[in-house]
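Colleague: A predicted structure for the sequence below; I have some questions about it.
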Amino acid sequence: MNIRHQHGHLRSVKRKVGPPVREYLWRETDQSGNRVRRNLVIGTLEEYPTEELAQAAVNGLRTCINEDRNRQPQQPVFVSDLIDHYLVTELSEQTNSHSHSTRIVYRVFLKRWIRSRWGSTNIRDVRTIAVESWLRQLQRNDGEALANSSKAKIRNLMRRAVQSCDSIRMARTRKESD
């Protein structure tokens, strides 16, 4: 299937008040699935006397409009999938990348803190601000705030697990092509 990109339409519009302007028109799909016509004033004809100048000004906007079309559709990858993959590839007994005590602590962090909060979340929905806010609110069983060093370890471990997303994606792609 070929991916179609929008080029939009650039036109000159006379105004009741003020100088004529260059306007860019395109279509996008709203939340209900209906196609909606959008427009944006680029500038006056004095600012963009030729169509080539106006087209150059619109290139960045055109890229944003076609951004969703440039993305390849992918299956959702949940944080729990990343954690499972990380446990198998990095924290298994066969790999000697971490000491025994480090593997134990990482497993506890993954199970107690990360999986319990983020396990059912799609990786595309995880936002930095949300993670930082969550880390600030972490508490021990006795109600005391978790130590900053423990929060940093949890954050770094979560980052490592998320980085394993590429290998999961590659494995799924191989399965689909077989």
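Modeller: Happy to help now that I have it.

Colleague: How much space separates the residue most central in space within the chain from residue 152?
Modeller: Using Cα atoms, centre = their mean, the residue of the chain that lies closest to the mean C-alpha position is residue 124, 4.6 Å off. Counting by Cβ to Cβ, to the nearest Å, the separation of residue 124 from residue 152 is 24 Å. No exception for glycine: its C-beta is placed from N, CA and C like everyone else's.

Colleague: now do residue 125
Modeller: Per Cβ to Cβ, residue 125 is found 23 Å from residue 152.

Colleague: got it, and residue 126?
Modeller: Residue 126 is 18 Å from residue 152, by Cβ to Cβ.

Colleague: And the two? Which one has more around it.
Modeller: residue 126 (14 against 11; other Cβ atoms under 10 Å).

Colleague: isn't the more buried one right up against residue 79?
Modeller: Yes. The pair residue 126 / residue 79 is scored as a contact, 6.7 Å apart, by Cβ atoms under 8 Å.

Colleague: what sits in contact with each of the two?
Modeller: Counting by Cβ atoms under 8 Å, 6 or more residues apart in numbering, the contacts common to residue 126 and residue 79 are 118, 162.

Colleague: List the contacts of residue 123.
Modeller: 76-79, 82, 162, 165.

Colleague: What does the pLDDT read for it?
Modeller: Looking at residue 123, its pLDDT is 81.

Colleague: Equivalent analysis for residue 147, please.
Modeller: In this model, residue 147 carries a pLDDT of 93.

Colleague: same deal with the one 4 residues further on?
Modeller: We have a pLDDT of 93 for residue 151.

Colleague: quick one: low-confidence ranges for the protein?
Modeller: Flagging of the chain using pLDDT under 70 yields the residue ranges 1-5, 66-75, 164-178.

Colleague: ok, and what's touching stretch 35-53?
Modeller: 10, 12, 18-30, 54, 57-58, 61.

Colleague: where do the strands sit along the protein?
Modeller: 9-13, 21-29, 35-44 (DSSP state E).

Colleague: Starting from the longest one, tell me which strands it pairs with and how they run.
Modeller: Sheet pairing of strand 35-44 (DSSP bridges) gives strand 21-29 (antiparallel).

Colleague: in the partner strand, what's buried?
Modeller: For strand 21-29, burial by neighbour count (16 or more other Cβ atoms under 10 Å) applies to 21-24, 26.

Colleague: what's the distance between it and the middle of its chain?
Modeller: 26 Å (Cα atoms, centre = their mean, to the nearest Å).

Colleague: what angle separates that strand from strand 9-13?
Modeller: Put simply, strand 21-29 runs at 140 degrees to strand 9-13, going by axes from the mean of the first three to the mean of the last three Cα atoms, to 10 degrees.

Colleague: and residue 127, how many neighbours?
Modeller: Neighbours of residue 127 (other Cβ under 10 Å): 10.
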